[in-house]
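Visitor: Mind looking at a prediction? Sequence and model below.
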Amino acid sequence: MRYILRRLLIASVFTFALLTAISALAVRLFRPSTTPDLSGQIGFLLGENCRASDCDYRIAVTDGQGYAPLTLPVEPLAFGWSRDGSRLAYIGRSAEAGGEQASTLYVADADGTQATAITALDFLDTLTWSPDGQQITFSYNRNGDSGIYVIGSDGSRQRRLINGLVSNSPVWSPMGEWILFQVRGFQGQQIYLVDPETSGILNLTGDSAYDYAPQWSPDGEHILFLSRDRSRTFAAGNPLTQAFIMDRRGRNIRQVTRFSGNVFVARWSPTGDLLAVYVAEARADQTFVGTLYALDLAHGLLFPLAASAGNTIGDFAWSPDGTHIAYVLSPQQDSQICVQALGDVAHCSTADAARKSNLHWLTSLLPPSGE
C-alpha cells in the first residue's frame, strides 16, 4: 500500500510539473502580443525578372504594407546589418572576371548610402558581423579554393583564417571569441570552430558525414545544427534530417526533434528557450510542403505556428525581442512576407511575383524612402 501511494505521489508531482510547463508556454504562445507591429523593420533579398534559378536582386525593406528597395551601386547577393543597426554590409556582384560573375564586400550606411568596397577579393558568398560591429567575417570560393576571412569594417586587418578546407557559412559567436563554420569534403559535411585571432581550429563533429547549418545559442554556450536522424529513415531508406544541440566544444550531442518529416530550417529564439522549426513532409510529391513549429526546449513541448497549406515556407526570422516571427510564404512565386506574434494570427503583405528570401529583422527603423 505504501508503495502504491508513493507511486501515486510521484505521478501527481510529475503531472503537476508538466501541466505547469504547458500552461506557462501556452500563455506565451497563445496570448496575443501587446507589443507594437514591428513589420517595418524587416529587410529581405528581393529577386525580380527571374530566369530559372537566377534573378536580378535588390535589398528591400517592408513597412508592413509594401516595400521599398534600397539604392545600391551593385547587385547584392548576401547582406546583413550590424547588431546596432547603424551599418549595412553586403556582397555585391562586381565586374565579369574571365567569363565569371565576381562578387566583393561592401559596407554602407544602414540605408545603403555611402557604400564602399572594403576588400580587393572577389568571389565571396556569405558574411556575418562581429557582435561589436568592428569586424566582418566572410567566405571565399573560386575554382576549388575556398576559405574564411576576417576584415575590419573599415577595410583594415584583412586576414585569412582557413586554408586547405572547403569551408563556408561563418557565424560569429555572441561574445565574439569564436567563429563557427562548416566544411564540405569527400566524406560529407562537418562543423568547425576557428579562433579569429589565432586561426586555431577545432573539429566539433568529428568524421560525421552530414552535419550542417550551425548556429549559436543566444548565450554562446550551445550550438544548434541539422544532421541525419540516428535511428529512422523514410521511403527508399533515406535518413530523415532532424535538429541537434551540442555544447560549444562539440560534446553532449542530443537530438531535439523526432519528426516524421525532414527539418529544413531551425532557428533559436533570442530568449534561448524556444526553437522555430520548419518541417516538411517526407513525401516525394510534396518535398517542401510543411509546417512551422515552436519547440519548448526545456519540456519538449511542440506547438504549430503556421502551416504552408499546400505552398512552402521559405526563410524565417525571430524578432529581436522573441515575440514575433516573420516568414516568407510561397517564396518562388506570388510570395508574401508574413509577421506573426506568438499566439496571434499572421499578417501578410508584399504579395507579388517577385521572389523574397534572406529575412533580417532590423534593430532600428530606416527612414521612409526619400527622406
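Guide: Ah, there it is.
Visitor: Skipping its backbone neighbours, what lies nearest Ser227 in space?
Guide: Asp211 (4.7 Å; CB to CB, 6 or more residues apart in numbering). Quick note: C-beta positions are derived from backbone N, CA and C, even for glycine.
Visitor: Touching whichever strand or helix holds the one you found from outside, list them.
Guide: Element membership of Asp211, judged by DSSP states H and E, is strand 211-216. Residues from elsewhere that reach strand 211-216 (CB atoms under 8 Å, 6 or more residues apart in numbering): 169, 171, 173-174, 180-182, 188-191, 205, 222-227, 244, 265-268.
Visitor: Sheet-wise, list the partners of that strand with their directions.
Guide: strand 222-233 (antiparallel) (DSSP bridges).
Visitor: Show me where the stretch 201-350 of the chain has its strands.
Guide: 201-203, 211-216, 222-233, 239-247, 254-255, 262-268, 274-280, 290-296, 301-307, 313-318, 324-329, 335-341, 346-352 (DSSP state E, counting those that start in this stretch).
Visitor: So for the residue nearest the centre of the chain, what's the pLDDT?
Guide: In the chain, the C-alpha nearest the mean C-alpha coordinate belongs to Arg267, at 5.9 Å (CA atoms, centre = their mean). Listed pLDDT for Arg267 reads 96.
Visitor: which residue ranges form the helices in this structure?
Guide: 2-30 (DSSP state H).
Visitor: Okay, now the unreliable bits of it?
Guide: 1-40, 52-53, 95-100, 186-187, 230-238, 282-288, 308-310, 365-371 (pLDDT under 70).
Visitor: so which of the strands of the stretch 201-350 of the chain gets nearest Asn49?
Guide: For Asn49, the closest of the strands of the stretch 201-350 of the chain is strand 346-352, at 12.6 Å, according to CB to CB.
Visitor: That closest one pairs with which strands, parallel or anti?
Guide: When DSSP bridges is applied, strand 346-352 pairs with strand 335-341 (antiparallel).
Visitor: Now do the strand it pairs with: everything it contacts.
Guide: With CB under 8 Å, 6+ apart, strand 335-341 has contacts from 32-33, 35, 37-39, 42, 44, 62, 64, 67, 305-306, 314, 323-330, 346-352, 354-356, 359.
Visitor: what's the angle between that strand and strand 324-329?
Guide: Here the directions of strand 335-341 and strand 324-329 differ by 160 degrees (axes from the mean of the first three to the mean of the last three CA atoms, to 10 degrees).
Visitor: Now distance to Cys50 too, for the strands of the stretch 201-350 of the chain, in TSV please.
Guide: Listed next are the strands of the stretch 201-350 of the chain as TSV, based on distance: least, CB to CB, whole Å:
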stretch	distance to Cys50
strand 201-203	38
strand 211-216	25
strand 222-233	27
strand 239-247	27
strand 254-255	37
strand 262-268	21
strand 274-280	22
strand 290-296	23
strand 301-307	24
strand 313-318	14
strand 324-329	14
strand 335-341	11
strand 346-352	12
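Visitor: so which of those strands comes closest to Gln134?
Guide: Across the strands of the stretch 201-350 of the chain, Gln134 has its closest neighbour in strand 211-216 (18.3 Å, CB to CB).
Visitor: hang on, the earlier thing: I'd like to know which of the strands of the stretch 201-350 of the chain is closest to Asn141.
Guide: Once the strands of the stretch 201-350 of the chain are compared by CB to CB, strand 211-216 is nearest, at 15.5 Å.
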